[in-house]
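**Q** Sequence and computational prediction follow.
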Amino acid sequence: MNKTKAFGVIELLIVIVIAIVVYFSFYHSNYGRKNPFDDNTKVKTQQQAVDNKIQEIEDYKKLRQDIEKNLQKGY
């Protein structure tokens with residue numbers, strides 16, 4: 001009878017440990033999805049920053065071409 005009581009306590013401890021691990025993995029993880037749209041917002045913000053930088057580079061290229069044309073014309 002003593003072994004069954006001890007076995008039940010071990011099972012209870014295992015269940016408690018598993019519950020704690022699951023709780024912390026879902027609700028306190030840095031990689032958890034508390035807000036699934038947050039990642040999408042970050043991606044859009046980063047994509048916008050990349051697009052802005054590409055546009056800036058294209059504008060500089062166009063400006064450089066215009067300056068070179070003006071220098072060749074003698075302005």
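**A** Now that the structure is in, tell me what you want to look at.
**Q** Please work out the average pLDDT along the helix or strand encompassing Q46.
**A** Using DSSP states H and E, Q46 sits in helix 36-73. Averaging pLDDT along helix 36-73 gives 86.
**Q** Please state the offset of that helix from the chain centre?
**A** Helix 36-73 has its C-alpha centroid displaced from the chain centroid by 23 Å (C-alpha atoms, centre = their mean, to the nearest Å).
**Q** buried sites along it?
**A** For helix 36-73, the neighbour count (16 or more other C-beta atoms under 10 Å) marks no residue as buried. All C-beta spots, glycine's among them, are computed from the backbone N, C-alpha and C.
**Q** distance of K73 from D66?
**A** 11 Å (C-beta to C-beta, to the nearest Å).
**Q** do the same with Q72
**A** 11 Å.
**Q** repeat for V43
**A** Taking C-beta to C-beta, one finds V43 at 35 Å from D66.
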